[in-house]
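J.: Structure here, sequence nowhere to be found:
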C-alpha cells in the first residue's frame, strides 16, 4: 500500500521560511486531493491547506492564508507546502494526508492515509 513520506521540517526563526515535501512511497497517491494538517503539543490536529489533484484548486485555513502555499507535481506524485513569514504559533508536527472525497474538505475524517509527520519549530 502507498505510504506518505514527509520531509523538510526543521528549526527556523520567526519570519523565516521552510518548504515541506510529501512523496508517495510504494505506489501513487491515487487521490482526489492532498492536504497538510498540523498538530501542536496538547492540541488537536488541525487543517492547514488542501489541493485538488486534478485541477490544482486550493483551500487554506485562515491562520495560514497569505503565508503558506500548497502545490503539487503530478508527474512526481509529490505535494509541497511553502511556508513563509513563519510565526512561533506555527510550531507543530506537520502531516501530509490523502483524501478520496470531495465532500469533507477540512476535517481529519475526510482523509484516509497519513504520513508520520515532520517537526517544524519556529523560534521567537
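T.: Noted; the coordinates are in hand. Small disclaimer: the values here were computed from a predicted structure and weren't measured.
J.: I'd like to know how far residue 122 sits from residue 110.
T.: When C-beta to C-beta, to the nearest Å is applied, the distance between residue 122 and residue 110 equals 27 Å. Quick note: C-beta positions are derived from backbone N, CA and C, even for glycine.
J.: Backbone dihedrals for residue 89, please?
T.: Per-residue torsions, residue 89: phi -70, psi -10 (degrees, to the nearest 10).
J.: ok, which stretches of this structure are strands?
T.: Under the criterion DSSP state E, strands of the chain are mapped to 3-7, 10-13, 18-25, 33-39, 46-52, 58-60, 68-73, 78-83, 92-99, 113-114, 118-123.
J.: what helices or strands is the fourth one leaning on?
T.: Read that as strand 33-39. The helices and strands touching strand 33-39, judged by 3 or more C-beta pairs under 8 Å, 6 or more residues apart in numbering; DSSP states H and E, are strand 18-25, strand 46-52, strand 68-73, strand 78-83, strand 92-99.
J.: Could you pull out the buried residues of the third one?
T.: Buried residues in strand 68-73, defined by neighbour count with 16 or more other C-beta atoms under 10 Å: 68, 69, 70, 72.
J.: Check stretch 6-16 too.
T.: By neighbour count, and taking 16+ other C-beta under 10 Å as the criterion, the buried residues in stretch 6-16 are 6, 8, 9, 12.
J.: and the residue nearest to residue 99 when sequence neighbours are not counted, how far is that from residue 86?
T.: By the measure of C-beta to C-beta, 6 or more residues apart in numbering, the closest residue to residue 99 outside its immediate chain neighbours is residue 33, 4.5 Å from it. As for residue 33, its distance to residue 86 is 24 Å (criterion: C-beta to C-beta).
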